Every structure is written in structure tokens, then in C-alpha cells.
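Student: I'd like to go over a predicted model; first the sequence, then the structure.
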Amino acid sequence: MKGYPINRVVSELIGFNFTGNVVPRSWYEVITRENGKAYPLAILILAETVYWYRPTEVKNEHKNGEAQFAKKFSADKWQISYRALADKFCVSKGQIKTAIKRLESLGIIDCEFRNIHVAGQILNNVLFIGLNVEMFKSITSSQGEEAEKTDTVISEKPNRSLKKSI
């Protein structure tokens, strides 16, 4: 593959360990408002959801170097509040609710409200968000096709620079 010579900034980012959310380009075409325009807040919420569902590698010296993985949360689904998401993304709870409803209507996530016991107290209507893996894969797999149509794409692999399609 052809690439451009790297500059100082690109060079300094070689090997940098990026963490956090990743937003595939294809989501901007799939996750839209009713008017067909991209829905950035819903996209950010999905990216946050996917981050929490991404497995964490657990070091285990007793397994002969085999990779072991664990989830980042204790329940069967990720538990978060509208308020926590609103604070994280600097928007209102109402905006969060609307964006989550859009993701649900697209079938990418499902929401469930549960009553849970915490430190001897019952908490009512606690939000749990599930990820529809098949739908996630479907809207994300077209990313490779979209990348071929663009002039410049950032590689997701470390130690690789910008590349240009032929």
C-alpha cells in the first residue's frame, strides 16, 4: 500500500496506546435522525456502550500464556444512569433519553429497567443497556467498504501511518 511520508506529529504518535471509544465511519450513515442527518449524540452513546462491552484482557500466569478475558461490569448487562451519561457528554437527560430511544428503534441496543439491591437498599428503575451484537457487526462491517471510497483513512492498528486508496 502506498502511503505518504510521515511528519513529526505522525511520527510521535507511532506506538501511542489509544484507549477509550472508537467511532467507525459507517455509523454516521446508519445512525441518523429521522431527517437522515447523522445523530452524533446517539453515535457517542453507542461508542460508550461498545467500549463497556469490549473485553478486558486478564493476565493469568497459570494458563501458559493463553489470553483470558473478562467484562468490565458485574451484571449481565451494562448499568448506567441517564444522569451519568448526560454529565459525561455535557447534555441534558432528555437529550440522552431521546438518543437512547433512537438507538433502540434501530435495534442496536436494548434497555431494561430493573429494581436492584445495593448495600441493603432497593434502587428502583435502574437502567441496564444491552448491545445487539449482530446489529453492531452489521453496521460496523461496512466500514471497510466505506474506507475504500475515501482519500484518507486512519489505520486502527498501531505503528501504521495514514494511507491513501488506490
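Tutor: Cool, got the structure.
Student: the helix or strand where residue 103 lies - what's its average pLDDT?
Tutor: Using DSSP states H and E, residue 103 falls within helix 93-105. The pLDDT scores in helix 93-105 average 98.
Student: residues contacting the residue nearest to residue 91 when sequence neighbours are not counted?
Tutor: With sequence-adjacent residues excluded and distances taken as C-beta to C-beta, 6 or more residues apart in numbering, residue 91 is closest to residue 41, at 6.3 Å. No exception for glycine: its C-beta is placed from N, CA and C like everyone else's. Counting by C-beta atoms under 8 Å, 6 or more residues apart in numbering, residue 41 touches 89, 91, 95, 96, 99.
Student: all helices for the protein, in order.
Tutor: 8-13, 27-30, 40-53, 82-89, 93-105, 133-141, 143-149 (DSSP state H).
Student: redo the contacts of residue 41 as JSON lines? Include neighbour count.
Tutor: Below are those laid out as JSON lines (neighbours: other C-beta atoms under 10 Å):
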{"residue": "89", "neighbour count": "16"}
{"residue": "91", "neighbour count": "16"}
{"residue": "95", "neighbour count": "16"}
{"residue": "96", "neighbour count": "24"}
{"residue": "99", "neighbour count": "23"}
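Student: for these, which one is nearest residue 122?
Tutor: residue 96 (23.9 Å; C-beta to C-beta).
Student: which residues touch the closest one?
Tutor: 41, 45, 82, 85, 86, 89.
Student: if we use 6 Å, what do you get?
Tutor: By C-beta atoms under 6 Å, 6 or more residues apart in numbering, the contact list for residue 96 reads 82, 85, 86.
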